[in-house]
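1. output the structure for:
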Amino acid sequence: MEIRGARRKWLLAGIALGLLALLLAAVGWLWWQFQPVGRGSLRLVRITPGMNARQIGQKLQAQGIIRSARAFEWAVRLEGWGSRLKPGTYELRPSMSPMQIARLMAEGRVATSWVTIPEGYTVRQIAQLMQERGVADAGEFLRLATQEGDTFTASFPLPKNLEGYLFPNTYRLPRGTGARTAIQSMLSLLDREVYQRYRTEIETSGFTFHQILTIASMIEREAKVPEDRPLISAVIRNRLRRGMKLEIDATVLYALGKHKSRLFYRDLEVDSDYNTYRRKGLPPGPIANPGVACIEAALRPAQVDYLYYVARPDGSHIFTRTLQEHHVAIARARAERTRTTP
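-> Numbering: from 1, shown residues only. Down below sits the predicted model:
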C-alpha cells in the first residue's frame, strides 16, 4: 500500500509538473506573439476605411510586420480600441510590437510627408511629385486638376484646368491624403496668400486673376534672374498693348509638351492656342504654376518701353526697344555663348 501511495504521489507530481510546463509554454508562446518581429526596414501600410482589427492584423502578419494577427486583435480588445482604429497610411517597422502599432492606429498618427512644390512646376510635374511622396495617385491627381478644377472651392472663379492655380509652397500632407484634399490645400493657400492679399491690385490691373496668373506663369518660365521679372512683365504688357504677338519660347515648349534646350523653326509652327508665335494675345491659360515673386512682377511691371529680349549664357536677358536693336542683341548673345562654350 505504501508503494502504491508513493507511486500515486509521483504520478500526481509528474502530472502537475507537466501541466505547469504546458502552462509556462503557453505563457511563453503568448508572450512571444506580442514581441516585435525584429529588425527591418520601414514599411508603409495603408489601412482602408472599414477594416477591423482582425483584418488589419492579418494584413500586418502577411507583410511580416507582426508575428500573429491574433495577437494584434487581442491587443486592440485589451485596450478597448476596436472602434478607434483610424484609416490612413502608417509608417511601421517590424521592430514595433502589436501593442505599439495598435496604439498608433488608435491615435491616428498617420505617416506625414513634407512636400515642396517648386515655382514653375506644371500640373503634370506636381502630379508625379505627389505620387513619389505617397500623397496621391498621379493619374487621379492629373485628372482632377485638369478636368474637374471647377468642382473645388475658392473665393475666385475656378477653371476646369487648374494649371497655374496650384500654389508653389511646402505642404505637410499625410501619406495617402488623396488628390482632392491635396489640390484643395494648394487652392486654399493661393486664395489666402495671393488672391486675398493682392485682390485690390488684381482688380485695378485691367486683367482678370486668370490673366495675371497666365502672365506670371510666362515670367516664371522665362526669367532666370530676379531682376528680369518686372522687365519681362513690361515686355509682355507693351506687346499686348501694341497688338504684337508675344513670341515667348516657353509657351511653345508648353504646347509641345516637352522640354528642349533649343527651339527650332519647325517647333514654332506647332498648332496650339498656347503657341504665342502663331496666336496673338495671351495664351488661354497659365503654362506653369507661378510663385509670389512672379505674380508680383505680373502686377507690377517695370516702367520701361522694351519690346524684345534675348537670353544670355548666364541666364539673364538683354532687353531692347526696336527690332534692329534686338538683332544686335541676338548677335551679342550668340558671341557670348561662343566664348563660353568649351
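2. what distance do you get for the residue nearest the centre of the chain to residue 182?
-> For the chain, the residue sitting closest to the mean C-alpha position, by CA atoms, centre = their mean, is residue 130 at 3.4 Å. Separation of residue 130 from residue 182 (CB to CB, to the nearest Å) stands at 6 Å. For the C-beta atoms, the positions are set from N, CA and C on the backbone; glycine is no exception.
3. name the residues contacting each of those two.
-> Common neighbours of residue 130 and residue 182, counting by CB atoms under 8 Å, 6 or more residues apart in numbering, are 136, 141.
4. read off the pLDDT value for the residue nearest to the centre of the chain.
-> On pLDDT, residue 130 comes in at 95.
5. may I see the buried residues of whichever strand or helix holds it?
-> According to DSSP states H and E, residue 130 maps onto helix 123-132. Of all the residues in helix 123-132, those buried under the rule 16 or more other CB atoms under 10 Å are 123, 126-127, 129-131.
6. moving C-terminal of that helix, what's the next helix or strand?
-> That would be, after helix 123-132 and using DSSP H and E, helix 138-147.
7. now do that next one and helix 123-132, the angle between them.
-> 150 degrees (axes from the mean of the first three to the mean of the last three CA atoms, to 10 degrees).
8. now do the longest helix along the chain, average pLDDT.
-> The helix that spans the most residues within the chain, counting by DSSP state H, is helix 2-33. Regarding helix 2-33, the rounded mean pLDDT is 82.
9. next one: it to chain centre, how far?
-> From the chain centre to the centre of helix 2-33 is a distance of 62 Å (CA atoms, centre = their mean, to the nearest Å).
10. buried residues in that helix?
-> Neighbour counts over helix 2-33 (16+ other CB under 10 Å) mark residue 33 as buried.
11. quick one: mean pLDDT for stretch 276-293?
-> 97.
12. again with stretch 52-72
-> Mean predicted lDDT for stretch 52-72 stands at 93.
13. export it to CSV, keeping only CA atoms.
-> Only the C-alpha atoms of stretch 52-72 are listed here, as CSV (Å, rounded to 0.1, in the frame of the first residue of the first chain):
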residue,chain,number,x,y,z
ASN,A,52,-11.5,45.8,-38.4
ALA,A,53,-8.8,44.7,-36.0
ARG,A,54,-8.7,41.1,-37.4
GLN,A,55,-8.3,42.3,-41.0
ILE,A,56,-5.6,44.7,-40.0
GLY,A,57,-3.8,42.1,-38.1
GLN,A,58,-3.9,39.7,-41.0
LYS,A,59,-2.5,42.3,-43.3
LEU,A,60,0.3,43.1,-40.9
GLN,A,61,1.1,39.5,-40.4
ALA,A,62,1.1,38.9,-44.2
GLN,A,63,3.6,41.7,-44.6
GLY,A,64,5.9,40.3,-41.8
ILE,A,65,5.4,43.3,-39.5
ILE,A,66,4.0,41.3,-36.6
ARG,A,67,4.1,37.6,-35.7
SER,A,68,0.5,37.0,-35.1
ALA,A,69,-2.7,38.6,-36.4
ARG,A,70,-4.5,37.2,-33.3
ALA,A,71,-2.0,39.0,-31.0
PHE,A,72,-2.8,42.3,-32.7
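14. please enumerate residues in contact with it?
-> For stretch 52-72, contacts defined as CB under 8 Å, 6+ apart pick out 32-37, 40, 43, 45, 47, 51, 73, 76-77, 81-82, 85, 92-94, 96-98, 101-102, 105.
15. rerun at 7 Å
-> Around stretch 52-72, the neighbours that count as contacts under CB atoms under 7 Å, 6 or more residues apart in numbering are 33-34, 37, 43, 45, 47, 73, 76, 82, 85, 92, 94, 98, 101-102.
16. for residue 217, what is the enclosing helix or strand?
-> Taking DSSP H and E as the criterion, residue 217 maps to helix 209-222.
17. mind listing what's buried along the helix or strand just after that helix?
-> Helices and strands here follow DSSP H and E; after helix 209-222, the next one along the chain is helix 229-242. Buried positions in helix 229-242, judged by neighbour count with 16+ other CB under 10 Å: 229-240.
18. now for helix 229-242, which elements pack on it?
-> If contacts are counted by 3 or more CB pairs under 7 Å, 6 or more residues apart in numbering; DSSP states H and E, helix 229-242 sits against helix 209-222, helix 292-299.
19. much appreciated, bye for now.
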